[in-house]
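**Q** Dropping a prediction and its sequence here:
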Amino acid sequence: MTKMKLNRLRSGKDVLKKDLREPNFRAEWERTALARAIASEVIAYRVEQDISQTALAERLGMKQPAVARLEAGDVTPTIETLQRLVRVLDREIVIDVVPPQREPRLVTKRAQTSRAVEKIEAEDYSLLIAAG
């Protein structure tokens, strides 16, 4: 077996930076930004609460497979699902979509930095998702 030196491994950020240069990957990354951000919040909540997907599903009035899909980050949640999440998780979720080359005005500077869960600078829009 060949040993690889740890200092030769690329970081996740480096791998992502390279992958984002590929147009199809970038388009999918941008398309799934909201789903990934919500997945992070749902997982963080379950870890903090030390509960199962089934227990969270009961709190949300959903079935366990729906929670699993949310956590996988494959499905963009509906407004109704976001409303359930903020009510049960007791977290604020802010989604700001602006035209290109324009800074968000409705989201605070703090949310744009310390609370940002996901920030996408696409060709035709910018998306900022803050949660907490």
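**A** That came in fine, so what should we check first?
**Q** Export only the CA atoms of the strand or helix carrying Ala130, formatted as CSV.
**A** According to DSSP states H and E, Ala130 maps onto strand 126-131. C-alpha atoms of strand 126-131 as CSV (Å, rounded to 0.1, in the frame of the first residue of the first chain):
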residue,chain,number,x,y,z
SER,A,126,-26.1,37.0,-5.8
LEU,A,127,-27.6,34.8,-3.1
LEU,A,128,-27.0,35.2,0.6
ILE,A,129,-28.4,32.8,3.1
ALA,A,130,-28.0,33.7,6.8
ALA,A,131,-29.3,31.6,9.7
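**Q** Direction included, what does it pair up with?
**A** Sheet pairing here is set by DSSP bridges, and for strand 126-131 it gives strand 93-98 (antiparallel), strand 116-121 (antiparallel).
**Q** among these, which is nearest Ile38?
**A** Closest to Ile38 of the strands paired with strand 126-131 is strand 93-98 (C-beta to C-beta; 7.5 Å). Glycine gets a C-beta too; all of them are placed from N, C-alpha and C.
**Q** buried stuff in that closest one?
**A** Buried positions in strand 93-98, judged by neighbour count with 16 or more other C-beta atoms under 10 Å: Ile93, Val94, Ile95, Asp96.
**Q** with those residues in mind, which one is nearest to Tyr125?
**A** Among the buried residues of strand 93-98, Asp96 lies closest to Tyr125 (C-beta to C-beta), at 10.3 Å.
**Q** How much space separates the closest one from Asp19?
**A** Separation of Asp96 from Asp19 (C-beta to C-beta, to the nearest Å) stands at 25 Å.
**Q** Okay, now the unreliable bits of this protein?
**A** Counting by pLDDT under 70, the chain has low-confidence residues at 1-9, 104-117, 132.
**Q** In it, which helix is the longest?
**A** Of all segments of type helix in the chain, defined using DSSP state H, the longest is helix 33-49.
**Q** ok, and for that helix, which residues are buried?
**A** Those would be 33-43, 45-46, for helix 33-49 by 16+ other C-beta under 10 Å.
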